[in-house]
Structures are given as C-alpha cells and as structure tokens.
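Novice: Sequence first, then the predicted structure, then my questions.
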Amino acid sequence: MAFDRMDSATYLASLLAKNFSRALQERGHKLGFAPGQFPVLLELWSEEGLTQKQLIDRLDIEQATMANTLSRMERDGLVVRRRHPTDRRAQQIFLTERAREMESEAKEAAIAADQSLFSGFRRFERELMLEYMRMAIANSARE
C-alpha cells in the first residue's frame, strides 16, 4: 500500500505546527520570547502564581520540558520563581514586569502568525478548519 504523506493528517498537522512555530518565532524573537514559551505566558497572563505542576497539567507538557522552559524564561527575564506560601516543596511562577508589558504585542504576534497561515482562506473555511482541529484534538485526548 502506497503512503502519500500529503494525505496523512499526522504528517500535515506536524508540518502545520512547525510552520506556525516558525511564524510565531520570527515575530516573538523581536519581542523576546520563543514559541515554546508562549503557552506558558498565556497561562500566566491569565493566572499568575501557578506552580510548575499546575502548568504541566494545564499544558500537557513533560516535566523535564517544563523545567527547561521555565529555566530559559527565568534566564530571559520573563518569570521569577517564589517559594510557595503553604507547600515548601513547590514554587510559584510569576511574570516579570517585562513579560507583563509584552502581553498585548505577543498576542498580536500570535494573531499575525495565524493570519499569515490562513492567508487566502475565507472566514468560514478558517472557522471550519479550526473546528476540525479541535475535534481531532478531542479525539486524540480520548485515546
């Protein structure tokens, strides 16, 4: 049986994720964040003071990956860690002023990256694709 990668949803999703990451990387680099840091920033813009474990659970990221991401974000001046007030083993993650100030520009960069990938799509086509992507993600979560 012949395998055409351009008929493979798995291959295409991987390629699309890589292209989105590249589009966001170009825009994010100018602001001072990497694509892998963006989901963490989104969570912290929504709710600061989360622990590493809470971020791992919310973003479904491996512990080692999250630890490395947070270390880089701390090094880059985007987050600070503080001892948790009631759990001595945990640390809470807070945004720096620099990270707080870049929120609107970072979200605009992500929207611009989206728009560049959806260039030429009619509105209903974009909405349909997003709905199909959500359905596929929901299906994969059930496995």
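Specialist: Now that the structure is in, tell me what you want to look at.
Novice: Can you tell me the SS state at the residue nearest the centre of the chain?
Specialist: By Cα atoms, centre = their mean, the chain has its centre lying nearest to residue 39, at 2.8 Å. Under DSSP: H, G, I helix; E, B strand; the rest coil, residue 39 falls in the helix class.
Novice: Residue 111 versus that one, what's the distance?
Specialist: Residue 39 sits 15 Å away from residue 111, going by Cβ to Cβ, to the nearest Å. Every residue, glycine included, has its C-beta placed from N, CA and C.
Novice: Give me the spatial nearest neighbour of the residue nearest to the centre of the chain, chain neighbours excluded.
Specialist: Leaving out its chain neighbours, the residue that sits closest to residue 39 by Cβ to Cβ, 6 or more residues apart in numbering is residue 59, at 5.2 Å.
Novice: per-residue confidence for the residue nearest to the centre of the chain?
Specialist: If you check residue 39, the pLDDT there is 94.
Novice: same thing with residue 6?
Specialist: Looking at residue 6, its pLDDT reads 84.
Novice: contacting residues for it?
Specialist: Residues near residue 6 by Cβ atoms under 8 Å, 6 or more residues apart in numbering: residue 12.
Novice: ok so it is a strand residue?
Specialist: No: according to three-state DSSP, residue 6 belongs to no strand; its state is helix.
Novice: Can you tell me how far it is from residue 92?
Specialist: Residue 6 is 45 Å from residue 92, where distance means Cβ to Cβ.
Novice: Repeat that for residue 122.
Specialist: 44 Å.
Novice: still on that earlier bit, is the residue nearest to the centre of the chain in contact with residue 56, as I believe?
Specialist: No: Residue 39 lies out of contact with residue 56 (Cβ atoms under 8 Å); the separation is 11.3 Å.
Novice: the helices in this protein, which residues?
Specialist: Ranges of helices within the chain are 9-31, 38-46, 52-59, 63-75, 97-101, 103-117, 123-142, based on DSSP state H.
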